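Participant: the sequence isn't on hand, but the structure is:
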């Protein structure tokens, strides 16, 4: 009788320890939050990068490339869209199209069919300066993954190590508290050495983003007006 009692007590203690450890891994300020804080700090020093995004929803598929240069206030965006829907009443936009734009300061340029650039109007504010400013402040920028929000609202669970575009990173599973149903699960892979994000997936449209070329010189095919402006502002 006594042996069974102590066996029962031991089992209860083991279960309690396991439960506490599980809760600490999800709710405590443990390794997850510390790692994400390192990423937030590392992103403050990012001045240029590329982001390739792929998303699929039903019959629609979208691929886009973003190239950002904070030093020269330039954002280049190339988008390719395909909709294979064969029932016109159910299709908002059938077929395939591509669009390319270049934002410089508060000016937008659109690529024409002949390869030249056309003025696309003036922006309300500088997209690059706004986003890069938030990066430097350590707040969410709409350019890189929303690490600050993940720290505040996410349940962070450590995943496996893997390689993304030749870089070793650790995948983290992020469950966003308060997110709409179906949009609460994200993953982000943080570099083991530099702590920067190299991949992110979200529930919405099964989207996957790859980040690369941090702080490298990006070569742009710039509109003539931008070439003249950047040349005039370059140091002698």
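Facilitator: Thanks, I have it. Because the structure is predicted, anything quoted here is derived from the model rather than measured.
Participant: number of residues surrounding the residue nearest to residue 56 when sequence neighbours are not counted?
Facilitator: Leaving aside its sequence neighbours, residue 56 sits nearest to residue 206 (C-beta to C-beta, 6 or more residues apart in numbering; 5.3 Å). Just so you know, the C-beta spots here come from the backbone N, C-alpha and C atoms, and that holds for glycine as well. Neighbourhood size, residue 206 [other C-beta atoms under 10 Å]: 12.
Participant: which ones are touching residue 206?
Facilitator: The contact partners of residue 206, by C-beta atoms under 8 Å, 6 or more residues apart in numbering, come to 55, 56, 57.
Participant: tell me how far it lies from residue 229.
Facilitator: According to C-beta to C-beta, to the nearest Å, residue 206 and residue 229 sit 39 Å apart.
Participant: just residue 198 next, same as before
Facilitator: Taking C-beta to C-beta, one finds residue 198 at 33 Å from residue 229.
Participant: the two: which is more packed in?
Facilitator: It is residue 198, of residue 198 and residue 229, that has more neighbours when counted by other C-beta under 10 Å, with 23 against 17.
Participant: need the contact list for that one.
Facilitator: 164, 165, 167, 169, 189, 190, 191, 210, 211, 212.
Participant: distance check, the residue nearest to the spatial centre of the chain against residue 40.
Facilitator: Central residue of the chain (C-alpha atoms, centre = their mean): residue 145, 3.4 Å from the mean position. From residue 145 across to residue 40, the span is 10 Å (C-beta to C-beta).
Participant: so where do the strands sit in this structure?
Facilitator: Here the chain has its strands, by DSSP state E, at 48-57, 60-69, 74-83, 95-104, 107-111, 117-122, 154-164, 167-176, 185-191, 197-202, 207-212.
Participant: residue 220: which of those is closest?
Facilitator: Nearest to residue 220, of all these, is strand 74-83, at 5.7 Å by C-beta to C-beta.
Participant: residue 210: neighbour count?
Facilitator: 17.
Participant: hang on, it packs against residue 197?
Facilitator: No. Using C-beta atoms under 8 Å, residue 210 and residue 197 do not qualify as a contacting pair, with a distance of 9.7 Å.
Participant: quick one: distance of stretch 218-226 to the chain centre.
Facilitator: Averaged C-alpha coordinates place stretch 218-226 at 25 Å from its chain's average position (C-alpha atoms, centre = their mean, to the nearest Å).
Participant: ok so, going back, distance to residue 129 and mean pLDDT added to the strands of the chain, as TSV?
Facilitator: Output for these, formatted as TSV (distance: least, C-beta to C-beta, whole Å; pLDDT from 0 to 100):
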stretch	distance to residue 129	mean pLDDT
strand 48-57	14	92
strand 60-69	11	92
strand 74-83	10	91
strand 95-104	10	90
strand 107-111	12	93
strand 117-122	14	90
strand 154-164	28	96
strand 167-176	28	96
strand 185-191	25	96
strand 197-202	21	96
strand 207-212	20	96
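Participant: list the residues that contact the closest residue to residue 176 other than its chain neighbours.
Facilitator: Leaving aside its sequence neighbours, residue 176 sits nearest to residue 184 (C-beta to C-beta, 6+ apart; 4.9 Å). By C-beta under 8 Å, 6+ apart, the residues touching residue 184 are 175, 176, 177, 203.
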